[in-house]
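Asks: Need the 3D shape of this:
(2 chains, ligands or ions: 2)
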Amino acid sequence: MQMRKGFTMKDLNLMVAGPQGSGINFTSDTFSKVMARLGYYVFSNAELFSTIKGEHSYFRVRVSDELIRSYSKRVDILIALDSKSIILHKDEVDNNGFIITEEKPLDSRFIQVEYNKILQNVANKYNKNLSELSVMKNTIALAVVGKIASIPKDAIQKVISENFAKRPNIAELNNAVVDETYSITKIERSITLPKGKSFGKMLINTAEAVAIGKIAAGLRFQSYYPITPASDESQYLEGVMSKYNVIVEQTEDEIAAINMAIAAANTGLRAATSTSGPGFSLMVEALSYAGMTETPVVIFYYQRAGPSTGMPTRHEQGDLKFAISAGHGEFPRIVIAPGDHEEAFYDAFESFNLAEKYQLPVIVMLDKSMAMSNYTIPKFDTSKLKIDRGKLILEGEVSNYKRYAFTEDGISPRTVPGVKNGMFTIAGDEHEEDGHIFSEDPDNRIRMMDKRMGKLKKVLSEIPTDMKYKFYGNGENLIISWGSPKGAILDAIRERPEYSYLQIRLLHPFPVDEVKPFAKYKRIVTVEQNYSGQLADILKEDAGIDVNSRIVKFNGRPIAFEELIEGLDRSKTERRVVLTYA
Amino acid sequence: MPNTYRTNVEIDWCPGCGDFGILNALTLALQELKIPNEKVALTGGIGCSSKIPHYVNVYAYHTLHGRSLAQAQAIKIANPELEVIAAAGDGDALGIGTQHFVAAGRRNVDLTYLIFDNGVYGLTKGQASPTLPYGESPKSLQVENIKDPVNPIFLALASGYTFVARSYSYNIKHLKDTIIRAIKHKGLALVDIMQPCVTYNNINTKEYYDARLYDLQKEGWDPVAKNEDEYKQKLGQATIKSLEWGDKIPMGVFIEYQKETYDERLSRLLMNYKSKNFVTLPIHENGKPVNDITPLIEELI
Ligand SMILES: Cc1ncc(C[n+]2csc(CCOP(=O)(O)OP(=O)(O)O)c2C)c(N)n1
Ligand SMILES: [Mg+2]
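Replies: Ligands and ions are numbered 1, 2, ... in the order given. Prediction:
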């Protein structure tokens, strides 16, 4: 194999692999932070097993001085923390790449690191037992990467000190390990990246983006029952609940979670719950109730691979049709799908406005790949955020009040307990304007159905265009997609500019009028992470667009942009393209 | 004095239904306590019994089958200034909603839980409910009841309810006084109300209960526990009393123990929870969000 000695590359791809629970996320998280601080764009994602300790898992970090939004198949540096990681991943590592390991080198890519010697030296210096330092192997690996990639040592040490701000002794030991690694590890080849020039960006995942969006929106009540990959968001909220006055309630199950959120909403708080497929399944009866009772509740739906318990820590977008149709009877709802962390923030914020303005349940579609990928995005712009609580009456007195009064615009004023003479009757049975249920009058039924279902039309005519869809590129062919494939699609169409990209953001009510004109594109393909191509079905059903090819991926792993490029090429001749990279 | 706690909605319970007594006792209790109508939230599940929110002139939440207690807790958590009362059928409370029944004991939210206990699923035409005694087969059953009953008193004691009582829909005075005591209790209060279903349950009738119910308090049982030791000791005795069923059935208060309520516990996690009402605490000024997320953003850079 011909090895290049030292070279400059456009993007650097690091993979950290090893047994779950051995702290490998420390290495990838710290590396990500260091590179973000140095002005690089960073994209990282995690592949974990649904166990806590032991099983093989890996993290990828892609770094570039240019904007990146997805991961690459190529691995430039592999940190293999056990021999299994070498066996599983060595073939993915580029011919000019590096494999950092404790074991005997198999070829010239290998760099054998003297973990124990480094730890022993530091232990001696600080009068510690070697066993106390053994967890710091991850730090050594990180420092070796730093040395290979010509990263200044102190950039790493600064981030480590911040990570352990509350435990300065640990920070000091780790930083001593970095010093020792830099000084004794011999590296014959190195990589240089062009200087980073994108400073001041956040390194964030969707769970954090959503949580922060909810806080900006004035969320006051969040209920949840733990489930991967949704609970990270609730746990983040728990961490800041006191500061931002958010009641976070861990419930006995998802039925309680949704019912509590509904009751809190009807008592005047901005209320939400976050869950994944199995939990959402349990919420469905109450979703229908929220539609019937005109309750502004927001559900954050973090999809994962189903059916049933499926692959709990793996990715899928298999619940689109479920989310837009779940629940008995016909009632209005809004389903929106952000495609990246920035949109996740703004959509989380806006979802509460929509819920309160139209008095209906809103579902925000997210997924595992968004929840478990950290990447750099610009700071959120809070200057344009505007809270609109619709026709909510929180205080004072009213007269002749009727909760479900027929009004010109179809939305009734909404009181909450405490408002004098504002006593409401909320009922999931068909009701009259005053909320009472006893007449079952057929004409009233028609008016009430019209009142509720009429909101969908109103939503379609009032929601801003970029919440309905976004459009990118100027190719004569068209990719239509929704949600998280966005990053890979944007990275792929840079290489295949003959494709434009239509990102559908509002999935229900479906923006038929806006989408129909796109039928004129020469060739149309959909990209989705599910088996059947659910959006493709909806396009046909609702907009009459019969796509030329459905590109799907359902092996539980997100899409790498290179495989999408190959997929686009194949879609010229194949009606269904299954992506399989793992 | 007119009863200002009744709506003028026509009641659709069967003539003679035990539910009427509960409605009367509840509204009399509210009247006596003089709680402003707009400060009361009343929830119901689904069933004959759970229609009661329509008949009481307060903030009324007619929820889903089994979810009355889940929603009631959230209402109280959302706004601790409210007086919250949850109504449920025995099917609601102990069939489809059992998980909430048990979980609520762990929170001790300060609210009153009224179970309309008639031994049958009234609204679905008289199938066996979870409290129907083994071997009892009211006329509405197609087949013999071969299941053992759940004991609501026993289960509430085991789940940590801090006020547990049984009362009777045809003894309005006892029921009203028990509801008042339950409302005044700070913490989760259960009143399991014997409520004959005149249409489907021809066994657990007025005559049945009139002959059997006796008043625990008249027999000298003092349910009040003043400290944890006393609570543990009385809990044991109350549990034994809860098992009495047959020729003599005890009613009255089994246990009453004042301990930390959920809003007190929550105020340990939320520094402003005690001093501010989260419903009226503004989230925006002219649309501009009140919460400043800058520190959260800075942490990510
Ligand atoms: C999820 C669900 N399952 C079943 C029903 C049908 N259902 C309506 S009321 C009821 C039982 C009511 O019995 P109970 O709670 O004891 O109240 P009661 O009518 O006896 O007062 C049932 C099973 C329902 N509404 N929802
Ligand atoms: Mg019943």
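Asks: What are the boundaries of the strands in the stretch 401-550 of chain A?
Replies: With DSSP state E, counting those that start in this stretch as the criterion, the stretch 401-550 of chain A has strands at A:414-415, A:425-427, A:469-472, A:477-481, A:499-504, A:506-508, A:524-528, A:549-553.
Asks: again, but for the stretch 101-250 of chain A
Replies: Under DSSP E, counting those that start in this stretch, the stretch 101-250 of chain A gives strands at A:110-112, A:190-192, A:202-204, A:221-224, A:247-250.
Asks: Confidence-wise, which of those strands is weakest overall?
Replies: Mean pLDDT is lowest for strand A:190-192 among the strands of the stretch 101-250 of chain A, at a mean of 91.
Asks: In chain B, which residue sits nearest ligand 2?
Replies: residue B:89 (3.8 Å; CB to the ion). Any C-beta I mention is one placed from the backbone N, CA and C, and that applies to glycine too.
Asks: ok, how many other residues are close to that residue?
Replies: Neighbours of residue B:89 under the rule other CB atoms under 10 Å in any protein chain shown: 33.
Asks: pretty sure it is in contact with residue B:116, am I right?
Replies: Yes - the pair residue B:89 and residue B:116 passes the contact test of CB atoms under 8 Å, sitting 5.3 Å apart.
Asks: Need the overlap of contacts for those two.
Replies: Applying CB atoms under 8 Å, 6 or more residues apart in numbering or on different chains, one finds that residue B:89 and residue B:116 are jointly contacted by B:47, B:48, B:49, B:50.
Asks: Go back to the residues you listed and keep what's next to ligand 1.
Replies: Contacts with ligand 1 are made by B:47, B:48, B:49 out of those, judged by CB under 6 Å from any ligand atom.
Asks: State the distance from the first one to residue B:21.
Replies: Separation of residue B:47 from residue B:21 (CB to CB, to the nearest Å): 16 Å.
Asks: Now rank the ones next to ligand 1 among the shared contacts of residue B:89 and residue B:116 by neighbours and give me the top one.
Replies: residue B:49 (32 neighbours).
Asks: Make sure that one is actually in contact with residue B:93.
Replies: No - using CB under 8 Å as the test, residue B:49 is too far from residue B:93 to be in contact (9.6 Å).
Asks: about what we covered before: spit out the contact partners of the residue of chain B closest to ligand 2.
Replies: For residue B:89, the contact set (CB under 8 Å, 6+ apart) comprises B:45-50, B:115-116, B:118, B:121-123, B:129.
Asks: Put the buried members of those into a ChimeraX selection.
Replies: A single ChimeraX command selects the buried members of the contacts of residue B:89 (16 or more other CB atoms under 10 Å in any protein chain shown):
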select /B:45,46,47,48,49,50,115,116,118,121,122,129
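Asks: Same list as before, the contacts of residue B:89 that is, but in TSV and with distance to residue B:67, secondary structure and pLDDT included.
Replies: Formatted as TSV, the contacts of residue B:89 follow (distance: CB to CB, whole Å; DSSP: H, G, I helix; E, B strand; the rest coil; pLDDT from 0 to 100):
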residue	distance to residue B:67	secondary structure	pLDDT
B:45	6	coil	98
B:46	9	coil	98
B:47	12	coil	98
B:48	17	coil	98
B:49	14	helix	98
B:50	10	helix	98
B:115	14	strand	98
B:116	16	strand	98
B:118	19	coil	98
B:121	16	strand	98
B:122	18	coil	97
B:123	15	coil	97
B:129	17	coil	98
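Asks: Taking chain A, what residue is nearest to ligand 2?
Replies: Per CB to the ion, residue A:429 is where chain A lies closest to ligand 2, at 17.7 Å.
Asks: was I right about that residue contacting residue B:65?
Replies: No - look at residue A:429 against residue B:65 with CB under 8 Å: they stay out of range, at 11.4 Å.
Asks: of these two, who's got more company?
Replies: For residue A:429 versus residue B:65, neighbours defined as other CB under 10 Å are more numerous around residue B:65 (21 against 15).
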